[in-house]
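Novice: structure of the sequence below:
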Amino acid sequence: MAAIRPFRALRPARNTAALVSSVPYDVVSADEARQLAADNPLSFLHVTRSEIDLPPGTDPYSPQVYGKARENLAALRANAPLLLETQPSLYFYRLRMGGHEQTGIAATFAVDEYEQDVIKKHERTRPDKEDDRTRHIVEVRAQTGVVFLTYRASEAIDQLCRALTADAPLYDFRADDGVHHTIWRVDADEATALVDAFGRIPALYIADGHHRAASAARARAELRASGEARAADWFIAVAFPSNQMQILPYNRTVKDLAGQTAGQFLTALRGRLPVREGTATPRRKSEVAMFLDGTWHALDLSGAAPADGSRASALDVALLQHHVLEPLLQIGDVRTDKRIDFVGGARGTAALEQAVTSGNAAVAFSLHPVTIDDLMSISDEGGIMPPKSTWFEPKLRDGLLVHTI
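Specialist: Residues are numbered from 1 along each chain as shown. Next up is the predicted model:
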């Protein structure tokens, strides 16, 4: 069963929360992070992407970068300031983007349950990204990135949420990207019922943040080996009920057609799948929209055979890879092939058209989003979803709640 624990959050003063908070470290490049934080010395990007405060071209995995992160966190603690709670607490964290709203519980979760698959995964991690965040955690002695979890919705937890968010919030602001962030603190004496209710949840699922969770586990192992485990048995996350989650598609662009003309590629594609003129957004599951040579086409995957009998291999993203990207465009491992790029659904299909018309890509694919039921069912089976299958929106902000270890 899922265990949650109140923790002493390191957090900004109320009047600087909006300035401190930043987008997650892994959704921006160093150049984008540098631009976002250029006029804001309080931005948490100075901690999570500390290479922005070193000369351009600095190796992001060099010792100087992690040392700078430690230095910047100390400076931010003094200047923001960042406050360390005197008592452990839980928090409710509400995200609102347009007409969509979701409220989750921010707490610390057991590394043991992550390792025992009570907290379930659906994605493989990359060693280089694990190495980076593990070293970051150990160097700054804090988990600065928040894992995004989900669980099958519980009416008992929903009722507690409604009752405990009736009071004035700790933070309430609208970020530059238009997403509204509201956080309430739940004191330890009020948290008991929440801890008990979560104790009846059979499993949690990582929605976003596989590398953060894996790095928390690796950091614990390193700190244990040096006799400094401290609070590293727990990692910070926000858990949202499954019926409030919003998954957008994770679209693809490919730089070239593997030596084919647009006409040759389209002919080869029609030899494998039904293709017709279409729109930029797929109408349903098993349909993929493709932008090629200035025209949107609809690819029908409904009759395409999965690579194996697993639910993961029947996802549209897996069928596209198996029947189009690999055999026709020579895209093998999407994790390492530099010819393929991924575009989060929040950027819209206009970003796909722009990539192709600008010449940065030869073809783009717009997908129907994966469902939360797909994610949980595949995780329950012990399956692994294809890379870049889901784009969760809205996203949590870094810097509002930090777990020091």
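
Novice: going by C-alpha atoms from here, please, whenever you check contacts or count neighbours.
Specialist: Noted.

Novice: and the helix or strand bottoming out on mean pLDDT in the chain, what does it pack onto?
Specialist: None of the helices or strands of the chain scores lower by mean pLDDT, DSSP states H and E than helix 188-198, at a mean of 90. The elements that helix 188-198 packs onto, with contact taken as 3 or more Cα pairs under 8 Å, 6 or more residues apart in numbering; DSSP states H and E, are strand 4-5, strand 89-97, helix 155-164.

Novice: what's the average pLDDT for whichever helix or strand comes after that helix?
Specialist: Counting by DSSP states H and E, the next helix or strand C-terminal to helix 188-198 is strand 204-208. Strand 204-208 shows a mean pLDDT of 96.

Novice: ok and strand 204-208 relative to helix 188-198, angle-wise?
Specialist: 100 degrees (axes from the mean of the first three to the mean of the last three Cα atoms, to 10 degrees).

Novice: please name every helix or strand in contact with strand 204-208.
Specialist: So strand 204-208, by 3+ Cα pairs under 8 Å, 6+ apart, packs with strand 119-120, strand 147-151.

Novice: what about residue 178, how many neighbours?
Specialist: 12 (other Cα atoms under 10 Å).

Novice: can you check residue 262 too?
Specialist: 15.

Novice: show me what contacts it?
Specialist: By Cα atoms under 8 Å, 6 or more residues apart in numbering, residue 262 lies in contact with 292-293.

Novice: and it, what pLDDT?
Specialist: So, for residue 262, pLDDT stands at 97.

Novice: and it, how far from residue 292?
Specialist: 7 Å (Cα to Cα, to the nearest Å).

Novice: quick one: the closest residue to residue 120 other than its chain neighbours from residue 147, how far?
Specialist: Among residues not flanking residue 120 along the chain, residue 205 sits closest, at 4.7 Å (Cα to Cα, 6 or more residues apart in numbering). Plainly put, residue 205 is 10 Å away from residue 147 if you go by Cα to Cα.

Novice: related to what we said a few turns ago, can you check which of the helices and strands packed on helix 188-198 gets nearest to residue 124?
Specialist: Closest approach to residue 124 among the helices and strands packed on helix 188-198 (Cα to Cα): strand 4-5, 24.4 Å.

Novice: the inter-axis angle of the longest strand along the chain versus helix 155-164?
Specialist: In the chain, taking DSSP state E as the definition, the longest strand is strand 100-110. Relative orientation of strand 100-110 versus helix 155-164 (the same axes, to 10 degrees): 110 degrees.

Novice: following strand 100-110, which helix or strand comes up?
Specialist: By DSSP H and E, the next helix or strand past strand 100-110 is helix 111-115.

Novice: work out the gap between that following helix and the centre of the chain.
Specialist: Centroid displacement of helix 111-115 relative to its chain, using Cα atoms, centre = their mean, to the nearest Å, is 19 Å.

Novice: please point out which parts of it sit buried.
Specialist: 111, 113-114 (16 or more other Cα atoms under 10 Å).

Novice: tell me which residues are up against it.
Specialist: Helix 111-115 has contacts (Cα under 8 Å, 6+ apart) with 2, 119-120, 213, 216-217, 232-235.
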